[in-house]
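J.: Build the 3D model from these lines:
(2 chains)
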Amino acid sequence: MSNVKRKSGEKISSDLSKMATLAKAFTAASDWPDKDEFLDVIYWFRQIIGLVIGIAWGIVPIKGLLGIVLFFAVNMAVIYVYFSIFQKVDEEDYGGISEILKEGLMTSFATFLVAWIIVYSALYAD
Amino acid sequence: MEKYKKLKSEVEKQSKKLEKQKEAIGTEASERSLKKKLERQEEKLKTNNRDLSMVKMKSMFAIGFAFTALLSMFNSIFDGRVVARLPFVPISWLQSISHRNLLGEDYTDCSFIFLYILCTMSIRQNIQKILGFAPSRAANKQGSGFFSTPTPVGK
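T.: Down below sits the predicted model:
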């Protein structure tokens, strides 16, 4: 009985902390004492960007190397604007600008490719 | 399961502590006693990492077996079939994967294995992260440091 109460208590506090993180992510110039928390926000933001760009490029459609180059450009630009202008984070706290720009990049690229290929095939393949 | 959770949290705690200590020591003059303390911490972390790997071994075998079986099943179902059309032409060495067992010279035809690999890279990674089974960043950094000379931290 106490185990069940403890687990539901832990679940509630974990949900609350996720909502707090989400609120901080949408608030300009938030304070990020836990570096991993901010890097997680960057990671998931990147996955969503990858998915959205993949779907968009599949619908338009954008083909070839141009699509891939544009993906990297848009992805890096959005993340850079987010952390340096919206959140005003000091990149030295995270080991340099490349650490933040690298966070989740390859997984986001894979997500983008999967979304792009599937949407393009669904709409344009015979 | 309890042992796995305990070891995982130990490894994460020690990795973070070690990272902080390395940063602190990097900016001061090197003292032998501090370096020895650092080495002892690294040894403890290595031992914990090894124990964690042993606990993970059983589940890794089961996962490997399951995915191998799944892969060979999909291979027989999708062999020679075009599963998708690529909106780009892959570079030459990727074509051997993306155009595997497919007829014709149209390299925008996609074989299942290419899409499977991409899905593994994106969906599996994200699910591991959602469920909390991905190793933490600090643990990753210490792990890679064991195989290469660590770069100096700080400005």
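
J.: give the contact list for the closest residue to A:Lys35 other than its chain neighbours.
T.: Spatially, and ignoring its direct neighbours in sequence, A:Lys35 is nearest to A:Tyr94 (6.0 Å; Cβ to Cβ, 6 or more residues apart in numbering or on different chains). Glycine gets a C-beta too; all of them are placed from N, C-alpha and C. Contact partners of A:Tyr94, counting by Cβ atoms under 8 Å, 6 or more residues apart in numbering or on different chains, are A:Lys35, A:Phe38, A:Leu39, A:Ile100.

J.: nearest to chain B, of those?
T.: Relative to chain B, the closest of the contacts of A:Tyr94 is A:Leu39; by Cβ to the nearest Cβ it sits at 6.8 Å.

J.: okay, now that closest one: neighbour count?
T.: 17 (other Cβ atoms under 10 Å in any protein chain shown).

J.: What sits closest to it if chain neighbours are left out?
T.: Nearest-residue entry for A:Leu39: A:Glu103, 5.3 Å, with adjacent residues in sequence omitted and distances by Cβ to Cβ, 6+ apart.

J.: Next, find the distance separating the one you found from B:Met73.
T.: For A:Glu103, the distance to B:Met73 (Cβ to Cβ, to the nearest Å) stands at 35 Å.

J.: and if you look at B:Val82?
T.: B:Val82 is 19 Å from B:Met73, by Cβ to Cβ.

J.: who's more crowded, the two?
T.: Neighbour tally, B:Val82 and B:Met73, criterion other Cβ under 10 Å: the higher count belongs to B:Val82, 18 against 10.

J.: So for that one, what's the nearest residue that isn't a sequence neighbour?
T.: Take B:Val82 and drop its neighbours on the chain: the residue closest to it by Cβ to Cβ, 6+ apart is B:Asp109, 4.5 Å away.

J.: For that neighbour, give the beta-bridge partners.
T.: With DSSP bridges as the criterion, B:Asp109 is bridged to B:Arg85.

J.: Distance of B:Leu18 relative to B:Glu43?
T.: Using Cβ to Cβ, we find B:Leu18 at a distance of 11 Å from B:Glu43.

J.: Please identify which of the two sits among more neighbours.
T.: With neighbours defined as other Cβ under 10 Å, B:Leu18 and B:Glu43 compare such that B:Leu18 has more, 20 against 10.

J.: how close does the more buried one get to chain A?
T.: As judged by Cβ to the nearest Cβ, to the nearest Å, B:Leu18 and chain A stand 15 Å apart.

J.: element containing B:Asp106?
T.: According to DSSP states H and E, B:Asp106 maps onto no helix or strand at all.

J.: now swap in the one 10 residues further on and tell me
T.: Here B:Tyr116 is covered by helix B:112-119, with elements defined by DSSP H and E.

J.: how about the helices of the chain, start to end?
T.: Chain wasn't specified; assuming chain A. For chain A, helices defined by DSSP state H occupy the ranges A:2-25, A:35-59, A:64-80, A:97-102, A:105-124.

J.: switch to chain B, that's the one I care about
T.: Using DSSP H, helices in chain B cover B:2-26, B:32-78, B:92-98, B:112-119, B:125-131, B:137-145.
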